[in-house]
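[1] Need the 3D shape of this:
(one chain, ligands or ions: 1)
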Amino acid sequence: MVHLGVNIDHVATLRQARYAGERTAAVPEPSVLDAARAAMQGGADSITLHVREDRRHMQEEDALAVRHEIPLPLNLEMGATDAMLDVASRVRPNFVCLVPERRQELTTEGGLDVAARRSPLRELVAALAEQSARVSMFIDPDPEQVHASADIGAPMVELHTGRFANTADREQDQELQRLIAAASLAHSLGLEVHVGHGIRLSHLPLIARIPHLTELNIGHTLIARAIFVGLAQAVREMKDALGEM
Ligand code: PXP
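    All right, here's what the predicted structure looks like:
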């Protein structure tokens, strides 16, 4: 079955809305660790956290706590910088997803331009592999970016589904075709294929048409649903739907 990575960044978003600037350990709620435990109860296959350069939600100590307390693989999303490589060397995540970061953006808005930055990204992927982290490149479903990801030695790609998720009708179908083509190409080049961004339960029947998928990374909709039914239940619903994909 396709794996579900549960992104719990927005639990920290809520905490920071009230307690930014305080040490997370001293702050009671909502607890990132409890969120990770609830996601695990609901059947999450891995926990994803994005420690952003501006530390707007997850802090390094959140990542360390999840790494040490939660017996699920940790996927650390991070910008492709030396400073974040240092963070990864302390956190020791199982997986790293390299993402582009712009301070002004609300969330990760576009894929990483791997083709334009082959040499530094090749070094970064190798350095992370030395730390035993398997790396995925978060890229738009663009053949040039898929080829570049394989070329620099990344073992995995996460195809950006944001545009697919935020459009409808013909435009959405075109984007789905791009995702299908990119996934086929990635697989043919030996890359493991993940998808993520903006995915909601109602998208799964279309997402199921993307071949060779091994993992979906989902955050916002699960945390939104969790407000009403709890996080374990929200994750369970998604897992059940994935089981039918
Ligand atoms: N994958 C990546 C690389 C992301 O940056 C995000 C958003 O943090 C997600 C997946 C999850 O997106 P969403 O919160 O829209 O489900």
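
[2] what does the chain have sitting close to the ligand?
    Proximity of the chain to the ligand is confined to 7, 9, 50, 77, 97, 99, 107-108, 138, 158, 196-199, 217-221 under the rule C-beta under 6 Å from any ligand atom. C-beta here means a position set from N, CA and C on the backbone, and glycine is covered the same way.

[3] Among those, which are located in helices?
    Per DSSP state H, helices hold the following members of the residues of the chain next to the ligand: 9, 220-221.

[4] For R18, give me the pLDDT.
    On the pLDDT scale, R18 is placed at 89.

[5] That one sits in which helix or strand?
    Assigned by DSSP states H and E, R18 belongs to helix 9-19.

[6] Which strands or helices does the helix or strand following that helix pack on?
    As assigned by DSSP H and E, the chain's next helix or strand after helix 9-19 is helix 32-42. For helix 32-42, the contact count by 3 or more C-beta pairs under 8 Å, 6 or more residues apart in numbering; DSSP states H and E identifies helix 9-19, strand 46-50, helix 60-69, helix 231-243 as packing neighbours.

[7] pLDDT on helix 32-42, on average?
    pLDDT averaged over helix 32-42 gives 98.

[8] and stretch 217-227, which residues are buried?
    Under the neighbour-count criterion of 16 or more other C-beta atoms under 10 Å, stretch 217-227 has 217-223, 225-226 buried.

[9] just stretch 62-76 next, same as before
    By neighbour count on 16+ other C-beta under 10 Å, the buried set for stretch 62-76 is 62-63, 65-67, 70, 72-76.

[10] Out of those, which comes closest to E192?
    N75 (12.6 Å; C-beta to C-beta).

[11] what's the closest non-adjacent residue to L49?
    Nearest non-adjacent residue to L49, counting by C-beta to C-beta, 6 or more residues apart in numbering: M58, 4.6 Å away.

[12] Which positions in stretch 1-9 come out as buried?
    Buried residues in stretch 1-9, counting neighbours by 16+ other C-beta under 10 Å, are found at 2-9.

[13] got a markdown table for these, with distance to A36 too?
    Listed next are the buried residues of stretch 1-9 as a markdown table, based on distance: C-beta to C-beta, whole Å:
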| residue | distance to A36 |
| --- | --- |
| V2 | 20 |
| H3 | 16 |
| L4 | 13 |
| G5 | 12 |
| V6 | 8 |
| N7 | 11 |
| I8 | 6 |
| D9 | 12 |
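
[14] Just put these in a markdown table and tack on pLDDT.
    Shown next, in a markdown table, are these (pLDDT from 0 to 100):
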| residue | pLDDT |
| --- | --- |
| V2 | 96 |
| H3 | 98 |
| L4 | 98 |
| G5 | 98 |
| V6 | 98 |
| N7 | 98 |
| I8 | 98 |
| D9 | 97 |
